[in-house]
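In: Quick one: sequence plus predicted model below, questions after.
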Amino acid sequence: VYILAIESSCDETAAAVVKNGREVLSNVISSQIALHTLYGGVVPEIASRKHIEKINQVIEAALLEAGMSLKDMDAIGVTYGPGLVGALLVGVAEAKALAYGAKKPLVGVHHIEGHISANFIEHPDLLPPFLCLIVSGGHTHLVIVKDYGEFEILGRTRDDAAGEAFDKVARAVGLGYPGGPKIDKAAKEGNPNAIKFPRAKVDGNIYDFSFSGLKSAVLNHINHANMMGEEIHVPDLTASFQNAVVDVLVSHTIEAAKEHGFQKIAIAGGVASNSALREEMKKACNKAGFTFYYPSPIYCTDNAAMIGAAAYYEYINGARAGLDLNAIPNLKLGER
Ligand code: ATP
Ligand code: MG
Ligand code: FE
């Protein structure tokens, strides 16, 4: 089964051809990062317009790279939520037009299901059920992947997403957008124990996360230093912040795996490419005797290959979208 997958939920215009959900024949990504850097974050209106400009050539490139044409596809998969509504609509409209024109089945894909499915691409041995930590720009979810397309959310962030915290802290120390990769790099030169930042405790669900307190602590630290006329040591500060985030992510995940009896742990989303998170999760999994799965960085941040992987399992389960498929900016995981 060959799927042409399209992703345009945020600031990446992407298309891919994926065979049987696990084999990537092409993965084309046109990133708008340079465009949005100027504004310190994604500007929705600019994102939509850029998607419109790029989407046709990105799809053509994906088919060309796979050495296939639209008529060779068995279905077209597209992200229809969650994300920026104007951005999503470009991909959805394009996918509907292609499906109608080429008389191909259409499959609507949840963006976060896509992030999770990125793990299937390089790990043929990874089958549900398993536990997955999703850490992206807009989500921080600890999820039981019960089966393909079947999820139980154990915990989620109460406030900022992990990636959002990275981006905000990066902005505060002048590293610019997107902050995650810049903090990752700066932190390599720093001492992760230099500054004691709080590990957020939340009432109620022990698997929930909170990052706004940590973010405030970092901002307070910076303001205090500025007031005292002290230099901020960016490597130490970023390493200490990153350490606090990673600490909470890893401990929650390991505790949940033990409590719910999972031996297989996966991570997904842009922050899953963070080197400290990968390192610490690997260590913790080794210690606990768990198998740890993580996608290559290119499959962690937004891409269409992961959408093709998710679309395949939806497709073989019989999921079909009509030509009335609409963008749903706040689509919940597991909803249709
Ligand atoms: P969502 O998937 O929740 O809709 P999104 O698509 O914008 O949000 P992703 O593309 O999955 O998010 O990830 C982008 C986020 O990942 C950004 O917040 C970015 O800073 C963060 N990120 C990317 N690389 C790293 C890294 N090496 N370390 C930490 N964070 C990172
Ligand atoms: Mg992005
Ligand atoms: Fe994403």
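Out: Arrived safely, thanks for sending. Numbering: from 1, shown residues only. Ligands and ions are numbered 1, 2, ... in the order given.

In: Same question for the longest helix seen in the chain: list its buried residues.
Out: Longest helix in the chain, counting residues (DSSP state H): helix 234-260. The neighbour-count criterion (16 or more other C-beta atoms under 10 Å) identifies 234-250, 252-254, 256-257 as the buried residues of helix 234-260. Yep, even glycine has a C-beta here, placed from its N, CA and C like the rest.

In: Up against ligand 2, what does this protein have?
Out: Residues of the chain lying near ligand 2 by C-beta under 5 Å from the ion: 10-11, 302.

In: again, only this time at 6 Å
Out: Contact residues (C-beta under 6 Å from the ion) of the chain with ligand 2: 10-12, 301-302.

In: Using TSV, lay out these together with pLDDT, neighbour count and secondary structure.
Out: Below are these laid out as TSV (pLDDT from 0 to 100; neighbours: other C-beta atoms under 10 Å; DSSP: H, G, I helix; E, B strand; the rest coil):
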residue	pLDDT	neighbour count	secondary structure
Cys10	97	25	coil
Asp11	95	25	coil
Glu12	96	21	strand
Thr301	98	27	coil
Asp302	98	26	coil
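
In: Switch the residues you listed over to a markdown table; also include distance to Ala272.
Out: What follows is these, written out as a markdown table (distance: C-beta to C-beta, whole Å):
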| residue | distance to Ala272 |
| --- | --- |
| Cys10 | 16 |
| Asp11 | 18 |
| Glu12 | 16 |
| Thr301 | 9 |
| Asp302 | 12 |
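
In: Throw those into CSV and include distance to ligand 3, thanks.
Out: Below are those laid out as CSV (distance: C-beta to the ion, whole Å):
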residue, distance to ligand 3
Cys10, 6
Asp11, 10
Glu12, 8
Thr301, 7
Asp302, 4
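
In: which residue ranges form the helices in this protein?
Out: Using DSSP H, helices in the chain cover 33-37, 44-66, 85-102, 111-122, 162-172, 179-187, 212-227, 234-260, 275-288, 297-300, 305-316.

In: I figured Gly190 hits Thr238, correct?
Out: Yes. Counting by C-beta atoms under 8 Å, Gly190 does reach Thr238; the two are 6.0 Å apart.

In: Kindly report the residues of the stretch 101-250 of the chain close to ligand 3.
Out: Residues of the stretch 101-250 of the chain found near ligand 3 (C-beta under 6 Å from the ion) are 111, 115, 136.

In: Neighbour count for the residues you listed - can I get that in TSV?
Out: Putting these into TSV (neighbours: other C-beta atoms under 10 Å) gives the following:
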residue	neighbour count
His111	25
His115	30
Ser136	24
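
In: Gly67 and Val28, how far apart?
Out: Distance of Gly67 to Val28, given as C-beta to C-beta, to the nearest Å: 14 Å.

In: Oops, could you answer that again for Gly86 instead?
Out: Gly86 is 21 Å from Val28, by C-beta to C-beta.

In: show me the contacts for the nearest residue to Ala272 once chain neighbours are set aside.
Out: Sequence neighbours aside, Cys300 is the residue nearest to Ala272 in space, at 4.4 Å (criterion: C-beta to C-beta, 6 or more residues apart in numbering). Residues near Cys300 by C-beta atoms under 8 Å, 6 or more residues apart in numbering: 115, 118, 268-273, 294.
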